[in-house]
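> What shape does this take:
(chains A, B and C)
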Amino acid sequence: MTTTLPEGAEAGAAICGVVCRIPKGWVATYGQVAAMAGLPRRARLVVYVLQHLDPASVVPWHRVVNAKGEVSYTPSRNGSDGVQRRLLEDEGIVFDGRGRFALERYRWLD
DNA sequence: GTTATGACTTCAC
DNA sequence: CGTGAAGCCATAA
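Numbers count the residues shown, from 1 in each chain, chains lettered A, B, ... in the order given. Prediction:
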């Protein structure tokens, strides 16, 4: 059938699976998740999936950060402001004075 | 069909 | 180590 559905249907499942595998207290970058999901160069697809995640999805999306070792979460979505950082801190991640953390220290190694 | 945008990545300076 | 530019791919208009 002609899938009028978004291309991310299959990718979304893979991405979800990978993100769900991130251990507590660890983080992964978008590119890393994408690569583990079998989607190299598709970091933006990961972004899209996480942004459009089902409210019923129990995915630790907050453990996914950018390559700079900094939490993202667009300021455009004010209302959820600072939630991600709070969740990561709650998992034992310590941020430095600029809202960043030691990525090399918390990066999830599969 | 094209154009613009985005929770990104990576290299070059 | 900060900034800029190019690359990448899917959605929205």
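> For chain A, which segments count as strands?
For chain A, the strands defined by DSSP state E cover A:28-29, A:64-65.
> which neighbours does the last one have in its sheet, and in what orientation?
By that I understand strand A:64-65. When pairing is defined by DSSP bridges, strand A:64-65 lines up against strand A:28-29 (parallel).
> out of the strands of chain A, deepest packed?
strand A:64-65 (a mean of 26; mean count of other CB atoms under 10 Å). Backbone N, C-alpha and C define where each C-beta goes, glycine included.
> Could you pull up the contacting residues of A:Pro40?
A:Ala34 (CB atoms under 8 Å, 6 or more residues apart in numbering).
> Would you mind measuring from it to A:Glu89?
Distance of A:Pro40 to A:Glu89, computed by CB to CB, to the nearest Å: 31 Å.
> Likewise for A:Arg42?
29 Å.
> quick one, which of those two is more surrounded?
Per other CB atoms under 10 Å, whichever of A:Arg42 and A:Glu89 has more neighbours is A:Arg42, with 21 against 14.
> burial of the nearest residue to that one once chain neighbours are set aside, as a residue count?
In space, and not counting its chain neighbours, A:Arg42 is closest to A:Ala34: 4.7 Å by CB to CB, 6 or more residues apart in numbering. If you count neighbours by other CB under 10 Å, A:Ala34 ends up with 25.
> wait, what's in contact with A:Ala34?
By CB under 8 Å, 6+ apart, the contact set of A:Ala34 is A:Ile15, A:Pro40, A:Arg41, A:Arg42, A:Ala43, A:Leu45, A:Val46.
> Now the two most distant members of these.
Spatially, the most separated pair among the contacts of A:Ala34 is A:Ile15 and A:Arg41, at 13.7 Å (CB to CB).
> If you count surrounding residues, which of these two has more?
Taking other CB under 10 Å, A:Ile15 and A:Arg41 do not tie; A:Ile15 has more neighbours (29 against 9).
> show me where chain A has helices.
Remark: helices assigned in chain A by DSSP state H are A:8-20, A:30-36, A:43-51, A:83-90, A:103-106.
> All set, thanks.
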